[in-house]
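Chemist: Build me a model from this:
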Amino acid sequence: MVPYLQDIEYVGLDVSPEYVEKARRRFPQARFICQSVGEYDRVEPNYFDLVLALGVLHHLDDHEALTLFQIARDAMKPGARLVTLDGVWTDDQSQVAKYLLSRDRGRFVRSEAGYRELAAKVFSKIEARVRHDLLRIPYTVVILTCVQ
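Modeler: Purely as a prediction, here's the structure:
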């Protein structure tokens, strides 16, 4: 058993049947759903203390990303947080980071302002932090924390 999934209820959502099956085998105590964000309709209102979308938003167009923000908000308890982490374009990132980000499979990498603007359509309290030092390779990410 994975210690960080003990004593919590974890629900994962992904469009890849292979990823979902692998996750189900690795984490049998969690619930994984093979569905796109836009199709997900089983939101349990005011249920979750924390919603994570790690490496997701840069794979979603603006409409799908907005849907993700709305689903997260609806599922969150008052005071709960949505935390996202995605690659981001910045003026001060290294050439290597720019190159790696340009090769990412996600077609919707945005600037910090682009991610903030989408989140602001659903959340009024948003904190954004850009980091260049989280990975062993040169890569720039933005971490959004949105509060219900």
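
Chemist: Tell me which helix or strand Ile71 sits in.
Modeler: Element membership of Ile71, judged by DSSP states H and E, is helix 62-75.

Chemist: again with Tyr139
Modeler: Here Tyr139 is assigned to no helix or strand, by DSSP H and E.

Chemist: now swap in the one 5 residues further on and tell me
Modeler: When elements are assigned from DSSP H and E, Leu144 belongs to strand 141-147.

Chemist: which residues touch that strand?
Modeler: 69, 72-73, 79-88, 112, 115-116, 119, 122-123, 125-131, 134-135 (CB atoms under 8 Å, 6 or more residues apart in numbering). Yep, even glycine has a C-beta here, placed from its N, CA and C like the rest.

Chemist: which ones are touching Val11?
Modeler: By CB under 8 Å, 6+ apart, Val11 lies in contact with Ala30, Arg31, Phe32, Ile33.

Chemist: what bridges to it?
Modeler: Arg31 (DSSP bridges).

Chemist: the helices in the protein, which residues?
Modeler: Counting by DSSP state H, the chain has helices at residues 17-26, 62-75, 95-102, 112-120.
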